[in-house]
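Engineer: Compute the structure for the input listed below.
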Amino acid sequence: MATTTCRGTIYCAISTDGYIADKDGGVDWLNNCQPKTTEGEDCGLGFEDFMNTVDAIIMGRKTFEQVLTFCPPVGSHPWPYGKKPMVILTSNTELKVPDFLSEHVSVSSGFPDEILLDLSKKHNNVSNVYIDGGATIGGFLDAGVIDRAFITRVPVTLGEGIPLFTEKQFKQLKEVDVKKYGEGWSITEYTMNV
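Structural biologist: Predicted coordinates:
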């Protein structure tokens, strides 16, 4: 099988007890809190700065559908990913991509290394890919195609929910840097321990 130098990076938020969503898949807990920071406080790698480091995005279907609810006509926020190439990972290859995204969003049900190889063939200079969505992140970690992760810990305890990592996956992470900010917030950078 052909290989690619295209690799994945995780950027997401979790609760203090390690969940990316509540037990029903909701992220309202995340939308309802913002860090209280002091002027000039270093909050680590922000989303816009992170997006400037990635060439493409691979996202799970549930996460994609969740993000769409934030954008018009349902929500009030603009599409946060610009025109970067995006692949939606789903077993439903009939998934309808909204017209305003159809030029740069495609659908796939392939394996992680196949999708990365396809991205690198279709789009020149794609090397760093943002991987998003719980099951999608897990699949790419298990395939060994993630190089680093930026995890924001939000000072909210859910008690139960959808975890970001299994215990085995968490053991693959090697902490590189932690920036604490606000009241109980932090962003941790990890590389893979493989």
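
Engineer: Excluding covalently adjacent residues, which one is nearest to the residue nearest the centre of the chain?
Structural biologist: The chain has residue 132 as the residue nearest its centroid, 2.6 Å off, counting by C-alpha atoms, centre = their mean. In space, and not counting its chain neighbours, residue 132 is closest to residue 59: 4.6 Å by C-beta to C-beta, 6 or more residues apart in numbering. Yep, even glycine has a C-beta here, placed from its N, CA and C like the rest.

Engineer: residues in contact with the lengthiest helix in the chain?
Structural biologist: Taking DSSP state H as the criterion, the chain has its longest helix at helix 112-122. For helix 112-122, the external contacting residues (C-beta atoms under 8 Å, 6 or more residues apart in numbering) are 1-8, 56, 58, 85, 87, 89, 108, 110, 126-127, 129, 139-140, 143, 145.

Engineer: let's go with 10 Å and repeat that
Structural biologist: Identification of contacts with helix 112-122 by C-beta atoms under 10 Å, 6 or more residues apart in numbering yields 1-8, 55-58, 85-87, 89, 106, 108-111, 126-127, 129, 131, 136, 139-146.

Engineer: Now list the buried members of these.
Structural biologist: 4, 6-8, 55-58, 85-87, 89, 106, 108, 126, 129, 131, 136, 139-141, 145-146 (16 or more other C-beta atoms under 10 Å).

Engineer: what comes up buried for the lowest-mean-pLDDT helix or strand in the chain?
Structural biologist: Scoring the helices and strands of the chain by mean pLDDT, DSSP states H and E places helix 28-31 at the bottom, with a mean of 80. Within helix 28-31, the residues scored as buried using 16+ other C-beta under 10 Å are 29-30.

Engineer: related to what we said a few turns ago, convert the longest helix of the chain to CSV, retaining C-alpha atoms only.
Structural biologist: Extracted in CSV, the C-alpha atoms of helix 112-122 (Å, rounded to 0.1, in the frame of the first residue of the first chain):
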residue,chain,number,x,y,z
PRO,A,112,-7.4,6.7,8.1
ASP,A,113,-4.2,6.1,6.1
GLU,A,114,-6.3,5.8,2.8
ILE,A,115,-8.0,9.1,3.5
LEU,A,116,-4.8,10.9,4.3
LEU,A,117,-3.2,9.5,1.1
ASP,A,118,-6.2,10.6,-0.9
LEU,A,119,-6.0,14.1,0.5
SER,A,120,-2.3,14.4,-0.2
LYS,A,121,-2.9,13.2,-3.8
LYS,A,122,-5.9,15.6,-4.5
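
Engineer: What average pLDDT does the helix or strand following it get?
Structural biologist: Sequence order places strand 128-132 as the next helix or strand after helix 112-122, per DSSP states H and E. The average pLDDT within strand 128-132 is 96.

Engineer: what's the angle between strand 128-132 and helix 112-122?
Structural biologist: 130 degrees (axes from the mean of the first three to the mean of the last three C-alpha atoms, to 10 degrees).
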